[in-house]
Structures are given as structure tokens and as C-alpha cells.
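# Okay, here's the prediction I keep looking at, along with the sequence it came from:
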Amino acid sequence: MINKEIKFRNETIKVDIFEKKDFKSLKEIFKKWIELNKKLKELNGRSMNVPDVLSEGLFCLLFNAYRTRNSAHSYDAVDIKRNKGIQLKSSSILNDLSSFGPKYTWDELYFIDFAPEGKINGEVHFYKVDNEIQTVVLNYEKNETFKAQQEQGRRPRLSIKQKLINYKNIKPILKINLLD
């Protein structure tokens, strides 16, 4: 991995550039994360969420993007060639719950599913989610949309799988297996 400062939209930002050789390390992190979660369950503990470096690193490596380091607004990654700020969400459970800050912005939103069949088995599916998320109704009683909750300074929460991927029948743009 290369640490670098780059220009993005008239700003200098710090990024991590993942290289092909980093894929082996990401696969090792995945296997150790599975082992750690098994140990936690043996002690009746909760499983850990997907480590950010795992989901973000995989995405950046596979989609030729750069991972941001606390410097590019709410972007998790940037695609320099296409001048896109990218927000990434991931889950390792069947019914995900993703949270967004009230000021989150992005050009593209991707969902990384570490449990596409409801269990962690090495399969990872990548989805490009359309930006219609702003109009998704989150509170039917108040007819409150994602955007309305953001405008109120609240943190919208929703299941990306249920409200967008399954509802709109979005297909993965890439499938990989980290145990191969």
C-alpha cells in the first residue's frame, strides 16, 4: 500500500493506494476476522463488524479507487479518473442496518455484502446502489424520507439490502470468494 497526498476537487487529500500484493493481506485479515468472531461467539459475545480496511481496501483494489484518510468530506474512497467521491457501506449479516451522517454526501454509493446468502462463507458481492436513496421513505407514519431526516440533522438508518437492493432487484456488479 502506498500512502500519498493527491489533488481532488481543488483540495489536497491523503489517500491509501492498494496494490495487487495487498490482496493477500486482505484475505488474511478476512480469515482472522472469521476466527476472531468464532472465538467471540464461544464466549457468548457479539461478532465484530467488518473491519473498514477490509471492505474499503477490497473495493479500492478491485475498482481502481483510492481510500481516503479523514480528509475528503464523507467519502470513503475517490475515483480520480472519473472525479467521483465514493461512499461505501458493508455488512456481514442477512438484514443489514446502515447509518449515514446528517451531512454525508457522495457521487456514488456501493454496498459490499460479506454474507450474500445470510452467512459468511468467503463470498463477497459488490453492488452499485443508485442515488435514489434520498427519496426512500424511512418513517411511513410521518412520510419521512432519507433526505428529510438528514435535513433535520438526524442520522438516517436503513437496510440497504431490503430498501434498495432487493426492492429494486439490483444485481451485484462483482462477486469474489476470499477463501479461494
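Right, received. Where do you want to start?
# C-alpha only now, for contacts and for neighbours.
OK.
# what about residue 180, how many residues close to it?
By the criterion of other C-alpha atoms under 10 Å, residue 180 has 7 neighbours.
# where does it land on pLDDT?
Residue 180 is assigned a pLDDT of 86 by the prediction.
# can you check residue 71 too?
pLDDT, read off for residue 71, is 68.
# Name the next helix or strand downstream of the top helix by length along the chain, please.
For the chain, the helix with the greatest residue count under DSSP state H is helix 22-42. Scanning forward in sequence from helix 22-42 by DSSP states H and E, the next helix or strand is helix 52-63.
# which helices and strands sit right next to the worst-scoring helix or strand of the chain on mean pLDDT?
Counting by mean pLDDT, DSSP states H and E, the chain has its least confident helix or strand at strand 137-139, which shows a mean of 82. Helices and strands touching strand 137-139, by 3 or more C-alpha pairs under 8 Å, 6 or more residues apart in numbering; DSSP states H and E, are strand 144-145.
# partner strands of the least confident helix or strand of the chain, parallel or antiparallel?
strand 144-145 (antiparallel) (DSSP bridges).
# Touching the partner strand from outside, list them.
Outside of strand 144-145, the residues within contact range by C-alpha atoms under 8 Å, 6 or more residues apart in numbering are 134, 135, 136, 137, 138, 139.
# Neighbour count for the residues you listed - can I get that in a markdown table?
Putting the contacts of strand 144-145 into a markdown table (neighbours: other C-alpha atoms under 10 Å) gives the following:
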| residue | neighbour count |
| --- | --- |
| 134 | 13 |
| 135 | 12 |
| 136 | 16 |
| 137 | 18 |
| 138 | 19 |
| 139 | 11 |
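# List the residues that contact the residue in the chain sticking out farthest from the centre.
Relative to the C-alpha centroid of the chain, counting by C-alpha atoms, centre = their mean, residue 141 is the outermost residue, at 28.9 Å. Residue 141 makes no contacts at all, as judged by C-alpha under 8 Å, 6+ apart.
# What of residue 20?
Going by C-alpha under 8 Å, 6+ apart, residue 20 touches residue 61.
# let's go with 10 Å and repeat that
1, 61, 62 (C-alpha atoms under 10 Å, 6 or more residues apart in numbering).
# Pull out the buried members of these.
residue 61 (16 or more other C-alpha atoms under 10 Å).
# where does the chain dip in pLDDT?
Low-confidence segments of the chain (pLDDT under 70): 71-73.
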